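Visitor: Let's see this in three dimensions:
(2 chains)
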Amino acid sequence: MHSLWTRFFDWYERHYTLNIAVAAGLFVLQLIHLYWLTAHVVMLRLIERSFFDPNGVIQFAILIVDYTEIPALLGVSLIYINELRRHGWSWKPVLFLLFLNSQWLHIFWITDEFVVNEFTGAGAVSTLPVWLAWIAILIDYLELPVIYDTIRKALVSVRERRVGDFLREELAS
Amino acid sequence: MGAISLALLHNGRIGWDEILVAVLIALAVAAIAFWQDRRGSSKDA
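Guide: Numbering: from 1, shown residues only, chains lettered A, B, ... in the order given. Prediction:
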C-alpha cells in the first residue's frame, strides 16, 4: 500500500504541471456555478430579483460544470495532499483541504435543491432550518480562495516548466 | 426553471454518469502523461 502511494505521487510529481493545470481548469469552471448561486439564488432571496437568465449555451455550460465538480474536488485535493506530503504539516493546505472537502457536505446533505427550496418558499418539504441554507452557500464560497491559490500554483508551475524546457534545450544545443 | 434543474445535478447523490465523467477525465490525464513520458524517452534516446 505504501509502495502504491509512493509510486502514485512519484508519477504525480513527474507530471505535476499537467495534473495541476487540469485540476485548475476544472476548478475554474466552478466559477460558473458560483455565479449562478450569487446572481440567481442569493439575489432572489435578498432583493427578490434574479440576474441570471441562461439560454442554450449557458445551460449546457452549467451542466458541464456540475459534471466536473467531483473530478475538480478530487484533483485539487491531490495538490494539497501532495503539498503536505512533501513539506510536512502546514495550516494552509490543511485549511484548503477542509474548505474543499466541506463541499461533500453540500453535495450530499445541504444540497442546492434544499437551498433553492428554502429560498423560494418551498421549504415546507424540508425539516432542516433556513440558516443551514446560508451555511450551504458559505461552503460554496469557501471554494474561492482555493480557486485563486490553485490558479496561482498552476501558472507558477507552467512558467517554471517553460523555463526548464528552455534551459534544457539551450544546454543541449 | 430549466436552468435551476440543470444546476441541481448533485441532489444528495452521485450518479453513475458523474462517476463515468470522473473516470474518463482521469483516463485522459493518464493518457497525456503516458504520451509525455514516451515523448521524453524518445528525446533522450
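Visitor: now stretch A:96-116, how far from the centre of its chain.
Guide: Computed by C-alpha atoms, centre = their mean, to the nearest Å, the chain-centroid distance of stretch A:96-116 equals 11 Å.
Visitor: Equivalent analysis for stretch A:25-44, please.
Guide: Counting by C-alpha atoms, centre = their mean, stretch A:25-44 comes out at 11 Å from the chain centroid.
Visitor: What is the neighbour count of A:Thr111?
Guide: 19 (other C-beta atoms under 10 Å in any protein chain shown). Every residue, glycine included, has its C-beta placed from N, CA and C.
Visitor: is the helix or strand hosting A:Asn82 up against chain B anywhere?
Guide: Per DSSP states H and E: A:Asn82 is located in helix A:56-87. Yes. Using C-beta under 8 Å from any C-beta of the partner chain, helix A:56-87 comes into contact with chain B via A:Ile58, A:Gln59, A:Ile62, A:Leu63, A:Asp66, A:Tyr67, A:Thr68, A:Glu69, A:Ile70, A:Pro71, A:Leu74.
Visitor: what do you get for stretch A:106-125?
Guide: Yes. Judged by C-beta under 8 Å from any C-beta, stretch A:106-125 comes into contact with chain B at A:His106, A:Ile107, A:Phe108, A:Trp109, A:Thr111, A:Asp112, A:Glu113, A:Val116.
Visitor: Name the helix or strand for the last one, please.
Guide: In other words, A:Val116. Using DSSP H and E, the element containing A:Val116 is helix A:112-119.
Visitor: Briefly note if the following helix or strand past that helix comes near chain B.
Guide: As assigned by DSSP H and E, the chain's next helix or strand after helix A:112-119 is helix A:131-141. No. Helix A:131-141 lies out of reach of chain B by C-beta under 8 Å from any C-beta, never closer than 11.3 Å.
Visitor: For helix A:131-141, name the packing helices and strands.
Guide: Contacts defined by 3 or more C-beta pairs under 8 Å, 6 or more residues apart in numbering or on different chains; DSSP states H and E place helix A:131-141 against helix A:16-36, helix A:103-108, helix A:112-119.
Visitor: Pull the residues that contact it.
Guide: For helix A:131-141, contacts defined as C-beta atoms under 8 Å, 6 or more residues apart in numbering or on different chains pick out A:33-34, A:37, A:41-42, A:102-103, A:105-106, A:110-112, A:114-115, A:118-119.
Visitor: For the following helix or strand past that helix, buried residues please.
Guide: Next in sequence after helix A:131-141, counting helices and strands by DSSP H and E, comes helix A:143-172. By neighbour count, with 16 or more other C-beta atoms under 10 Å in any protein chain shown as the criterion, the buried positions of helix A:143-172 are A:Glu143, A:Val146, A:Ile147, A:Asp149, A:Thr150, A:Ile151, A:Lys153, A:Ala154, A:Ser157.
Visitor: Give me the local confidence score for B:Ala3.
Guide: At B:Ala3, the pLDDT value in this model is 43.
Visitor: and the residue nearest the centre of chain A, what does it touch?
Guide: Nearest residue to the geometric centre of chain A (C-alpha atoms, centre = their mean): A:Phe27, 4.3 Å. Applying C-beta under 8 Å, 6+ apart to A:Phe27 gives the contacts A:Ala72, A:Gly75, A:Val76, A:Glu143, A:Val146, A:Ile147, A:Thr150, A:Ile151.
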